[in-house]
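Colleague: Build me a model from this:
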Amino acid sequence: MIAKLVFIVLLLTVVLYAWREYRHAPLVGLLSMMAALAGLYFVLVPSHATWLAAHVGIGRGVDLVIYVWVAISLIVLLNLHLKMRAQMELITTLARAVALQSATRSRDRPVPARPLRPSPGVAGRPAVGKGALGRSRRDAGAGH
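Modeller: Here you go, the predicted model:
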């Protein structure tokens, strides 16, 4: 009897939540309310779940409820996955647009000139990567 009361309270909570969500997502609210009301009905009259299960070829009513619950859970999981994927694509598109916009803005602005300073050498030697005349090693090899 305690389990029955707990399930009734939980399912009534789902019905109230579905009623509130109906304005924002009518399909989700309607389907959630239907599932919760069917669950309430089967909690209150479990023999009807057994009768329905026998008519669809499933042995027990509880097995029918579990199978339906698994199917609903998989549909919800797929729906959430597809919505998350669409949001990630939208975020990618937005990030590309922001990157292109900031690149265009920075290209239009002049870059402030930096004063050129000679790179300090260690103990009178030129800095690492510089040849005898201050050319980089890559440039020095190209002249041979």
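Colleague: Quick check, residue 46 in contact with residue 61.
Modeller: Yes: counting by Cβ atoms under 8 Å, residue 61 is a contact partner of residue 46 at 6.0 Å. Just so you know, the C-beta spots here come from the backbone N, C-alpha and C atoms, and that holds for glycine as well.
Colleague: So for the two, which residue has more residues nearby?
Modeller: A side-by-side neighbour count of residue 46 and residue 61, using other Cβ atoms under 10 Å, places residue 61 first with 19 against 15.
Colleague: Quick check: chain neighbours aside, which residue is closest to that one?
Modeller: Setting aside the residues directly before and after it, residue 61 is nearest to residue 49 in space (Cβ to Cβ, 6 or more residues apart in numbering), at 3.0 Å.
Colleague: so what does the strand or helix carrying the one you found touch, helix or strand wise?
Modeller: Taking DSSP states H and E as the definition, one finds residue 49 inside helix 46-55. Counting contacts by 3 or more Cβ pairs under 8 Å, 6 or more residues apart in numbering; DSSP states H and E, helix 46-55 packs against helix 26-44, helix 61-108.
Colleague: For residue 6, find the nearest of the ones you listed.
Modeller: Smallest distance to residue 6 across these (Cβ to Cβ): 9.7 Å, for helix 26-44.
Colleague: Where does pLDDT dip in this protein?
Modeller: 110-113, 115-144 (pLDDT under 70).
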